[in-house]
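Enquirer: got a structure for you, letters missing:
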């Protein structure tokens, strides 16, 4: 089962949604990196359930325990193991769903592939698995910030049919965290909250789009052909639960432009540096970062488990009606913001280390 990600800066996550714990082993982090453990916990707090009225009411503190890899607040260069204990499991909520497949969930495909699956919750398909990603991503963020001043910020761009008009270059973390939906536009954020609450009262769910910017990106990250930076970012984003689409820079809207309109003209600058007049490329050209901000968007589908009755089948293929129980987000996007940031940071940290062996040393 594919539970590892990355090449040199590599993570392996473990645990099920209603098991004893979830966590991550991070390998390849350079030694002597000063790590702010409080920042790791702060990122997990942004991801944890029960944080607002528009998220799942599951009550988990998600307190991180660092088991290895640090002495004091510095990394040793050895594997960093981090774990979060599950405290508020309710396997009984899933008793009647053990033999019934939830539409658009992983139940049916897991059963068809493996012949066995976790008996409660979503198991490895649950967003609870992303705790390990966010914890490791918090360390990746600190590595990027301390080596190049790189900043990774994501926010909710759209909920259902409500979309915010946001200037990515002006967004700050304070703007994002100013409201429970994590949209940096105050007026639009309230409309989004109202929409989520309205859909939740109907027993339904909704999806949307998360936008992300990376500032102060080193030039030269990524490699041609199969290891293009945008290819690894796409894999990272599409590995997150509930994702259904990825765009870089102009994305699909760029297909409406002519080459003369879409091309990013280079501006005069110092040798060894690059600057473009526009950024339709989203900070990546030929699979390699050009130093401009990386801009990307990720589409998230509506939460699969809803309170409305749904027609489905059981494990024997018989038609039945599913009346779902459990505690589920009516919209995953507010809690997915730190997940997107974490995966972007993990990709960039991995390529930063890989780049050390790819640059020319003969100049």
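Expert: Sure thing, it's come through. As the structure is a prediction and not an experimental result, all values here were calculated from the model.
Enquirer: And the strands in the stretch 101-250 of the chain, which stretches?
Expert: 151-159, 162-163, 208-215, 243-248 (DSSP state E, counting those that start in this stretch).
Enquirer: Could you measure from the closest residue to residue 188 other than its chain neighbours over to residue 190?
Expert: Excluding the flanking residues, the one nearest residue 188 by CB to CB, 6 or more residues apart in numbering is residue 164, at 4.0 Å. Heads up, the C-betas are built off the backbone N, CA and C, glycines and all. Going from residue 164 to residue 190 by CB to CB, to the nearest Å gives 11 Å.
Enquirer: Which of these two has more residues huddled nearby?
Expert: Taking neighbours as other CB atoms under 10 Å, residue 164 and residue 190 compare with residue 164 leading, 21 against 14.
Enquirer: Tell me the pLDDT of the more buried one.
Expert: Note on residue 164: pLDDT of 98.
Enquirer: Residue 57 too?
Expert: 84.
Enquirer: Can you get me a residue count around it?
Expert: Residue 57: 11 neighbours (other CB under 10 Å).
Enquirer: for it, what are its contacts?
Expert: Going by CB atoms under 8 Å, 6 or more residues apart in numbering, residue 57 touches 49-50, 327.
Enquirer: and those residues as a markdown table, adding neighbour count, distance to residue 341 and secondary structure?
Expert: As requested, those are exported to a markdown table (neighbours: other CB atoms under 10 Å; distance: CB to CB, whole Å; DSSP: H, G, I helix; E, B strand; the rest coil):
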| residue | neighbour count | distance to residue 341 | secondary structure |
| --- | --- | --- | --- |
| 49 | 19 | 18 | coil |
| 50 | 15 | 20 | coil |
| 327 | 16 | 24 | coil |
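Enquirer: which one of the residues you listed is nearest residue 356?
Expert: residue 49 (38.5 Å; CB to CB).
Enquirer: Isn't the residue nearest to residue 188 up against residue 181?
Expert: No. Assessed by CB atoms under 8 Å, residue 164 is found out of contact with residue 181, at 9.8 Å.
Enquirer: got any residues that touch both of the two?
Expert: 156, 189, 192.
Enquirer: now the residues you listed as a markdown table including distance to residue 316 and pLDDT?
Expert: As requested, these are exported to a markdown table (distance: CB to CB, whole Å; pLDDT from 0 to 100):
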| residue | distance to residue 316 | pLDDT |
| --- | --- | --- |
| 156 | 41 | 98 |
| 189 | 46 | 98 |
| 192 | 41 | 98 |
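Enquirer: quick check, nearest of the residues you listed to residue 295?
Expert: Distance to residue 295 across the shared contacts of residue 164 and residue 181 (CB to CB) is lowest for residue 156, with 15.4 Å.
Enquirer: ok, of the shared contacts of residue 164 and residue 181, which come out buried?
Expert: 156, 189, 192 (16 or more other CB atoms under 10 Å).
Enquirer: and the helix or strand residue 336 falls within, what other elements does it pack with?
Expert: Taking DSSP states H and E as the definition, residue 336 sits inside helix 333-355. Applying 3 or more CB pairs under 8 Å, 6 or more residues apart in numbering; DSSP states H and E, one finds that helix 333-355 contacts helix 37-47, helix 130-148, strand 151-159, strand 208-215, helix 229-238, strand 294-300.
Enquirer: how about a cut-off of 6 Å?
Expert: helix 37-47, helix 130-148, strand 151-159, strand 208-215, helix 229-238 (3 or more CB pairs under 6 Å, 6 or more residues apart in numbering; DSSP states H and E).
Enquirer: which one of the ones you listed lies closest to residue 124?
Expert: Ranking these by their distance to residue 124 (criterion: CB to CB) puts helix 130-148 first, at 10.8 Å.
Enquirer: In terms of secondary structure, what does the closest one contact?
Expert: Using 3+ CB pairs under 6 Å, 6+ apart: helix 130-148 touches strand 21-27, helix 37-47, helix 333-355.
Enquirer: got the ones you listed as JSON lines, with mean pLDDT, distance to residue 252 and mean neighbour count columns?
Expert: Converted to JSON lines, the helices and strands packed on helix 130-148 look like this (pLDDT from 0 to 100; distance: least, CB to CB, whole Å; neighbours: other CB atoms under 10 Å):
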{"stretch": "strand 21-27", "mean pLDDT": "97", "distance to residue 252": "33", "mean neighbour count": "22"}
{"stretch": "helix 37-47", "mean pLDDT": "97", "distance to residue 252": "28", "mean neighbour count": "17"}
{"stretch": "helix 333-355", "mean pLDDT": "97", "distance to residue 252": "19", "mean neighbour count": "26"}
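Enquirer: Output these in JSON lines, with distance to residue 290 appended to each entry.
Expert: Listed next are the helices and strands packed on helix 130-148 as JSON lines, based on distance: least, CB to CB, whole Å:
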{"stretch": "strand 21-27", "distance to residue 290": "28"}
{"stretch": "helix 37-47", "distance to residue 290": "28"}
{"stretch": "helix 333-355", "distance to residue 290": "14"}
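Enquirer: and stretch 134-141, average pLDDT?
Expert: For stretch 134-141, the per-residue pLDDT averages 98.
Enquirer: buried set for it?
Expert: Going by neighbour count (16+ other CB under 10 Å), the buried part of stretch 134-141 is 134-141.
Enquirer: what pLDDT does residue 90 get?
Expert: Looking at residue 90, the pLDDT reads 60.
Enquirer: Residue numbering should commence at 88 henceforth.
Expert: Happy to do that; since the first residue is 88 now, the last one works out to residue 177.
Enquirer: Now find how far off-centre the lowest-mean-pLDDT helix or strand in the chain is within its chain.
Expert: Least confident helix or strand, the chain: helix 194-201 with a mean of 87, by mean pLDDT, DSSP states H and E. A distance of 24 Å separates the C-alpha centroid of helix 194-201 from that of its chain, computed with CA atoms, centre = their mean, to the nearest Å.
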